[in-house]
Structures are given as structure tokens and as C-alpha cells.
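Trainee: starting from these lines, generate the structure:
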Amino acid sequence: MRWPEISGSRILSRRIDEDAARLWRVVRDHPEPVVVGLGVFLRIVTYLSNRAFWMDEGSLWGNLAGKRAFDFAEPLRGDQLAPIGFLIAQRALMAVMGTSTLASRLIPLICAIAGLFLFWRVTARILPRRPALIALVLFALSDDLIYYSSELKPYSMDLAVGLAITLAAIDSVPGSLSLRRAAVLALAAVAAPWFSFASAFVVGGCGATLIVGSLRAGQWRDSTIWVLIAIAWLASLYLSYRASSALLSPYTTMYIFWHFAFLPVWPWPISLSRLVATAGILLETFVNPLNLLAPSWPRAAVIFPIVLLLGGGASLARRSWPAWAILVLPIALAVVASALGRYPLHGRLILELVPALFLLIAEGTEWLRTWDRGRIKLGYATVLIVLLAYPCIAGFQQAAAVTMRDFNSHGDLHKNRFIT
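Mentor: Numbers count the residues shown, from 1 in each chain. Model (predicted):
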């Protein structure tokens, strides 16, 4: 009896084909978990690379290592400032796990991974599935979000706290408010300023939306509850501000360092040079922290995401004004705070605004799709390639090459393109 000859290459090829087909079915049928899983993987890879502390991390580490969790008897050294809740959590963890770089960066990593899952839920609440997936890809593969997921700073906590508040606000828009949900939201709002300075914009924007929404619906009981929660939050915000200010050295140069990121539109009058500088700061958000522009021809390329952002904002406002307000009002508050010289509008300090901007841009792709009358939607496909190609490649490169921050005068991950 003669056995048929079967080459090893044919068997191997068949197995590869079967595995590839199985993998493709998983990606096709369950793209969201695949994207989230990939985002978690890239963040863990970056964390495990265990890069050395950069200057600011080392300075903050000196205020954490060997310190008692509630020791705030004197200002922080090294011109550093961080929310008190973040400092307490870091000191407590490092007292248990040690002061290595991996132990020190564990809380930012946990917050970054939690942020991924929170953003997944937010996208499902606000957008249809197709643009929601686009927003999820942008978020999961953002090289800035991957990088800051393993940095000893409170930026990833800003992101997680902001997303948790946003999700809670979205879930509170429809129907009447239960006392249990009100108690949970009140606790979250009061605690937020102690863990994230930037949460003030998200809580303020979401709270204003809920108050106005309940008033428009004639839900007077709910309106009263939201106003009481807002009062409690304002009191907590004031106390946390005073407590954090006491941690800042009276000789700090922080305001000088971040002066470039305050919009120069106040006080009046506004000159042409100040308007140009303001436009540069606003446009720079598409580079730091969104990184949607390839290094070449940024002044022309920025028109593309601006169109998507404006179109998406208009589309979402028509479809769901509460969702639009929950996303846009925090951005508006951050712009006002920057114009008043109270908070820099730039880079790593506004990571909490990244989810809203990605969601609006993703909504813009769906708005643009309605204008593509072709049967195969060739124009829409081109838009997706232009929008996703560079950011996704940069995200993979960030995890593979473990890029160190380009320490220029502003300490940004990317070179500034619209400001000097």
C-alpha cells in the first residue's frame, strides 16, 4: 500500500490559512474587544519597557519615596504639584510595593487601562457603532495616551476620572434620578477635585448639562438635586484648590513655564498678534496631545481634522444636544480657564479633553459619509485612511521603540508645530 505524499509546506499552509480565517472572523465579528485588547497590550508593553524617569518624574518621585501618605507639612520640592489624592495613593502604594520605576508607575497604568474600558462604554452610549469604532481605534492607539499610561504623573488619572464622570452624566440624562444614583454622583463629584485638577472642566460641563436638561424637562426635583450636588462640588473644588496651593512653593516657576499655553485674549483689547498666538495654541491641540498630523505640511493637514471636528459637532448637536453639551462644554470651560490665565491649554495637561475631541471627530466621519453618494463610498474610505493611518502607526511605534519625550522648552512628546 502506498501512502499519498503530503508535503509539510501544504500542511503548514493549510493551518496558517485556517488560523488566519479564524482570526479574521473574530476581528470582523467582535472588533471592539479586539481594539481594546490591543490597546491594553500596547500600554502594558510600554510599561514593562521600564524606561528611565525623565526630569519631572524624578522630581515628583523625590516627593513620594519614603514619605508618609498624609505628610503635607511643607511644600513639594522640585517645583512639583499634583492632586492630594494622587499623592496619597502613590505614597501608600510605594510604601507597600517599593520605590522602583515599575511600582511607581503602576497607578498610572491601572488608570490608563480603566480609561480604555470607560471610553469603550462612552462611545457605545453616544455614537452609532461605525463611528464609535473609529473613535475607539483613535483612543486605543493614541501614542500620547500609550506613553502617559506609564508616566509617574497624574495625567492618566485625569483621563480616567474625566471618563468616569462623563459616563455617569450620560447615564443620568434619560429618566428620573434615583436617590441612590444621586448619592453616588455626589460622592464622585466631591471626590474628583482631590484626584484630578482637570476634572473641574468635565464635572462643570456635565453638571451644567444635567441641570439645564432637568429644567427643560420640568423635573424640578432632579434640578434641585443637581444644584445641591453642584454646590457641594464647588465647595470641594475650593478646598482642594486651597490645599493644593499650599503644596506649591512660593518660589515656583510653574506659571512662567506654562505661560505660553494661556490664550492671550484677555484683558482687552485684542491685537492681531494676540489672535494669531491664540489660533496657534488652539491648533496645537491637534499635535499635542491628539497627534493627528503627520510631520510634513501640518498647516495644510490641520484643515482636515478641523472640518471633521466642526462637522461632527454640528451633527451631534442635531442628533442629541445633551451628548453634544457633555462633550463640548468641558472644552469650552478649559478654553475660558486658559484665557483667564488659570489653566494651560496644552498637551499632557488636557488629556481629559482627548476623549471628547476623538468622539466629535469620529462623528464627523459619519457626517462626511452621508455626503459620499458613491456606491462603494470611495471618498469615505479615503477619509478613514487619511485619519487613521499616521496616528495608528505612531501608536505602534511608541510601544515598539519606547520613544523618550523630546525635551524641548515645553517638554512635549511631539515637536510643536503652531506655537513657539
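Trainee: just checking, what packs against the strand or helix carrying residue 158?
Mentor: Here residue 158 sits within helix 155-172, counting by DSSP states H and E. Counting contacts by 3 or more Cβ pairs under 8 Å, 6 or more residues apart in numbering; DSSP states H and E, helix 155-172 packs against helix 106-126, helix 143-148, helix 179-195, helix 199-216, helix 321-339, helix 354-369. Placement of C-beta: from N, CA and C, glycine included.
Trainee: pull the longest helix from this structure.
Mentor: helix 220-247 (DSSP state H).
Trainee: name the next helix or strand downstream of it, please.
Mentor: Assigned by DSSP H and E, the successor of helix 220-247 is helix 254-257.
Trainee: residues touching that following helix, excluding its own?
Mentor: Outside helix 254-257, the residues that touch it by Cβ atoms under 8 Å, 6 or more residues apart in numbering are 79, 81, 248.
Trainee: let's see 7 Å
Mentor: Here helix 254-257 makes contact (Cβ atoms under 7 Å, 6 or more residues apart in numbering) with 79, 81.
Trainee: CA atoms only: put the helix or strand following it into PDB for me.
Mentor: Next in sequence after helix 254-257, counting helices and strands by DSSP H and E, comes helix 272-284. The C-alpha trace of helix 272-284 is given here as PDB (Å, rounded to 0.1, in the frame of the first residue of the first chain):
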ATOM      1  CA  LEU A 272      -3.700  90.800  15.600                       C
ATOM      2  CA  SER A 273      -0.600  89.300  17.100                       C
ATOM      3  CA  ARG A 274      -2.500  88.000  20.100                       C
ATOM      4  CA  LEU A 275      -5.200  86.500  17.800                       C
ATOM      5  CA  VAL A 276      -2.500  84.700  15.800                       C
ATOM      6  CA  ALA A 277      -1.000  83.400  19.000                       C
ATOM      7  CA  THR A 278      -4.400  82.200  20.300                       C
ATOM      8  CA  ALA A 279      -5.000  80.400  17.000                       C
ATOM      9  CA  GLY A 280      -1.600  78.700  17.300                       C
ATOM     10  CA  ILE A 281      -2.400  77.400  20.800                       C
ATOM     11  CA  LEU A 282      -5.800  76.100  19.700                       C
ATOM     12  CA  LEU A 283      -4.400  74.400  16.600                       C
ATOM     13  CA  GLU A 284      -1.500  72.900  18.600                       C
END
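Trainee: neighbouring contacts of helix 272-284?
Mentor: Outside of helix 272-284, the residues within contact range by Cβ under 7 Å, 6+ apart are 261, 263-265, 302, 345-346, 416-419.
Trainee: over to stretch 335-353?
Mentor: 148, 155, 158-159, 162, 198-199, 201-202, 258, 261-263, 265-266, 281, 284, 288-289, 330-331, 334, 412.
Trainee: again, 8 Å this time
Mentor: Here stretch 335-353 makes contact (Cβ under 8 Å, 6+ apart) with 144-145, 148, 153, 155-156, 158-159, 161-162, 196-199, 201-202, 258, 260-263, 265-266, 281-282, 284-285, 288-289, 330-331, 334, 410, 412-413.
Trainee: weed out the non-buried ones from those.
Mentor: Buried members of these, counted by 16 or more other Cβ atoms under 10 Å: 144-145, 148, 153, 155-156, 158-159, 161-162, 196-199, 201-202, 258, 260-263, 265, 281-282, 284-285, 288-289, 330-331, 334, 410, 412-413.
Trainee: how far off centre is stretch 221-232?
Mentor: Distance, stretch centre to chain centre, for stretch 221-232: 27 Å (Cα atoms, centre = their mean, to the nearest Å).
Trainee: and the closest residue to residue 220 other than its chain neighbours, how many neighbours does it have?
Mentor: Residue nearest to residue 220 in three dimensions, not counting chain neighbours: residue 214, with 7.9 Å by Cβ to Cβ, 6 or more residues apart in numbering. Neighbour count for residue 214, taken as other Cβ atoms under 10 Å: 22.
Trainee: so what pLDDT did residue 214 get?
Mentor: With respect to pLDDT, residue 214 scores 92.
Trainee: where does pLDDT dip in the protein?
Mentor: 1-16, 19-20, 23, 26, 29, 375-376, 402-408 (pLDDT under 70).
Trainee: the closest residue to residue 264 other than its chain neighbours: neighbour count?
Mentor: Of all residues not flanking residue 264 in the chain, residue 274 sits nearest, at 4.3 Å (Cβ to Cβ, 6+ apart). Counted by other Cβ under 10 Å, the residues lying close to residue 274 total 14.
Trainee: same question, residue 48
Mentor: Residue 48 has 11 nearby residues by other Cβ under 10 Å.
Trainee: and it, how close does it get to residue 36?
Mentor: Here the criterion is Cβ to Cβ, to the nearest Å. By it, residue 48 lies 19 Å from residue 36.
Trainee: check the offset of the longest helix of the chain from the chain's centre.
Mentor: Centre-to-centre, helix 220-247 and its host chain are 23 Å apart (Cα atoms, centre = their mean).
Trainee: now that helix against helix 199-216, angle please.
Mentor: 170 degrees (axes from the mean of the first three to the mean of the last three Cα atoms, to 10 degrees).
Trainee: in helix 220-247, what's buried?
Mentor: Buried residues in helix 220-247, counted by 16+ other Cβ under 10 Å: 222-223, 225-226, 229-230, 233-234, 236-237, 240, 244, 247.
Trainee: what about stretch 63-77, distance to the chain center?
Mentor: 28 Å.
Trainee: outside of that stretch, which residues touch it?
Mentor: 59-60, 62, 78, 80, 82, 84, 87-88, 90-92, 94-95, 99, 104, 152, 243, 246-250.
Trainee: please redo it, this time with the cut-off set to 6 Å
Mentor: Contact with stretch 63-77 is made by 80, 88, 90-92, 94, 99, 247, 249, as judged by Cβ atoms under 6 Å, 6 or more residues apart in numbering.
Trainee: residue 91: what's it in contact with?
Mentor: 64, 67, 69.
Trainee: ok, now how distant is it from residue 148?
Mentor: When distance is defined by Cβ to Cβ, residue 91 is 20 Å away from residue 148.
Trainee: now do residue 168
Mentor: 23 Å.
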